[in-house]
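**Q** kindly return the folded structure for what I paste below:
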Amino acid sequence: MSRRFFGTDGIRGAVGEYPVTADFMLKLGWSAGRVFASEERATKVLIGKDTRVSGYMFESALEAGLVAAGANVLLLGPMPTPAVAMLTRSQKASAGIVISASHNPYTDNGIKFFNADGKKLSDEVEEEIEEILSQPMETVPSPELGKANRMVDASGRYIEFCKSSFPHSLSLRGLKLVLDCAHGATYQIAPQVFAELGAEVIAIGAEPDGYNINEGVGSTSPAALQARVLSEQADAGIAFDGDGDRVQCVAADGTVIDGDELLFIIANDLVRQNRAPEGVVGTLMSNLGLEQALREKGVDLVRAKVGDRFVLEEMAQRGWQLGGEASGHIICGEQTTTGDGIIAALQVMAAVVRSGETLLALKSGLHKYPQTLLNVTVSPDFLLAECAAALDESRRVEEVLSGRGRLVLRPSGTEPLIRVMIEGTDGSENLMLAERIAQTIRDAH
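**A** Below is the predicted model of the structure:
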């Protein structure tokens, strides 16, 4: 069955445009309540959200739908996506729902689900929800209606969980850190976590008003953090995205440290502790330099499809505990079940404290290859696999790159785009080759 609504990371789109509408969310809550219903215990579903203004509307709609299906609802309020995963596990809930469009602007919103284990839903469960969405909505009899309550200590529970992932023998005392919370879901939690572990914390992007989430701040807009790290002469900067499942760092000199580099720092720290991971899961977009740097440390890199759910699936299949993406989705499997910006940042800062070295020094063993990424807009019905001209040109480019670079050509999972990525030793050649393929797609389209 092909899914109509679920993409690679839940349901997402412009607020007010189907399916990101109040009436759809009502029906989605009801459908999810039906699917998560259990004969063994009362159905309990947690709902968290980021700080965008439309979250109020969708929270109420989902709550009503779930209650109509007989599910009990626990409202968490503004809460990072990984916090909802953690609390779903700790509360023995049937599922968790996050209302967020991650790094997108406030005019977008979306829905992510977690199962009872705090993991992303399987394709089969998403398809089951979609199948029930096509049925008429029927409210359960009044004696079977669910109830809704608010969890007043959700932030405190997650703060303690995050702190427990940082070694008890270490402290962040003596470090000045700038935290960029993207005016998003980490705005209260992240500064408190790092301050309680001893750091001097300067918070930016921590004044959400419902409309400013990700606006010129956060992990996808690091310039504000870079400037503040330099002006404060801070030891490092840490930037989260709107829902807190991504992280990027900034070194004391303003250099951005991306997800590939953070993965290397965490993996190498484990090597130094004689706890070397058997392997690390990256994606098709992970830099070739990361693969080579890990190999020099005796650690394998395996590439999954782009998307943290595919990284998690590969990690589970191999029994590995570390994976992530260059975008900053870092999954520390020893600590939690999903990408978590705060917990990943804590593992990086533990490496800084344990080694006594700076972020720049810790990433120095990784030499990244230049990458060029071009996005080619296509019509929604364009099929790359049927575009012979683009495939032929790609083969010619791969022959040029043979032995000294690579090509990744793929359709976007969320937009009508074809992504062309060339990685090689020569940045100007990368751009020229990527443009050749991009132009071929435009001409054929």
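**Q** do a quick rundown of the strands in the stretch 251-400 of the chain.
**A** Residue ranges of the strands in the stretch 251-400 of the chain, as given by DSSP state E, counting those that start in this stretch, are 256-257, 279-283, 300-304, 322-324, 330-332, 371-377.
**Q** export those strands as CSV, with columns for mean pLDDT, distance to Ser221 and mean neighbour count.
**A** Glycine gets a C-beta too; all of them are placed from N, C-alpha and C. Below are these laid out as CSV (pLDDT from 0 to 100; distance: least, CB to CB, whole Å; neighbours: other CB atoms under 10 Å):
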stretch, mean pLDDT, distance to Ser221, mean neighbour count
strand 256-257, 98, 11, 20
strand 279-283, 98, 22, 25
strand 300-304, 97, 27, 18
strand 322-324, 98, 20, 27
strand 330-332, 98, 19, 24
strand 371-377, 95, 17, 17
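**Q** can you list the weak-confidence ranges in this structure?
**A** 1-2, 39-40, 414 (pLDDT under 70).
**Q** would you map out the domains in it?
**A** 11-152, 158-362, 371-444 (automatic domain parsing).
**Q** okay, the ones you listed in TSV with distance to Arg4 next?
**A** Shown next, in TSV, are the domains of the chain (distance: least, CB to CB, whole Å):
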stretch	distance to Arg4
domain 11-152	6
domain 158-362	18
domain 371-444	13
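**Q** Leu75 in helix, strand or coil?
**A** Classification of Leu75 using DSSP: H, G, I helix; E, B strand; the rest coil returns strand.
**Q** next, count neighbours for Ala95.
**A** 24 (other CB atoms under 10 Å).
**Q** show me what contacts it?
**A** Contact analysis of Ala95 by CB atoms under 8 Å, 6 or more residues apart in numbering lists Ala32, Phe36, Val45, Leu46, Thr88, Phe113, Phe114, Asn115, Ala116.
**Q** next one: the fifth one relative to Asn109, how far apart?
**A** According to CB to CB, to the nearest Å, Thr88 stands 20 Å off from Asn109.
**Q** more neighbours: these two, which one.
**A** Thr88 (29 against 26).
**Q** my guess is that one meets Lys119, correct?
**A** No: using CB atoms under 8 Å, Thr88 is not in contact with Lys119, being 9.3 Å away.
**Q** any residues in contact with both of these two?
**A** Taking CB under 8 Å, 6+ apart as the criterion, Thr88 and Lys119 do not both touch any residue.
**Q** what sits against Ala251?
**A** For Ala251, the contact set (CB under 8 Å, 6+ apart) comprises Val229, Ala236, Ile257, Thr358, Leu359, Leu360.
**Q** tell me which residues in stretch 437-445 are buried?
**A** Using 16 or more other CB atoms under 10 Å as the test for burial, stretch 437-445 gives Ile437, Ala438, Thr440, Ile441, Ala444.
**Q** backbone phi and psi for the last one, please?
**A** Read that as Ala444. Backbone torsions of Ala444, given as degrees, to the nearest 10, read phi -70, psi -30.
**Q** ok, it touching Ala389?
**A** Yes: checked against CB under 8 Å, the pair Ala444 and Ala389 is within contact range at 4.6 Å.
**Q** thinking again about what came up before, among the contacts of Ala251, who's most crowded?
**A** Neighbour counts for the contacts of Ala251 (other CB under 10 Å) peak at Val229, which has 28 neighbours.
**Q** quick one: secondary structure of that one?
**A** Counting by three-state DSSP, the backbone at Val229 sits in helix.
**Q** for the one 10 residues further on, same thing?
**A** Local secondary structure at Ala239 is given as strand here, using three-state DSSP.
**Q** and it, what are its bridge partners?
**A** Ala239 has these beta-bridge partners by DSSP bridges: Asp180, Gln248.
**Q** neighbours of it, how many?
**A** Here the count is done by other CB under 10 Å, and Ala239 has 31 residues near it.
**Q** distance of it from Cys181?
**A** For Ala239, the distance to Cys181 equals 8 Å [CB to CB].
**Q** now swap in Phe161 and tell me
**A** Distance, Phe161 to Cys181, using CB to CB: 18 Å.
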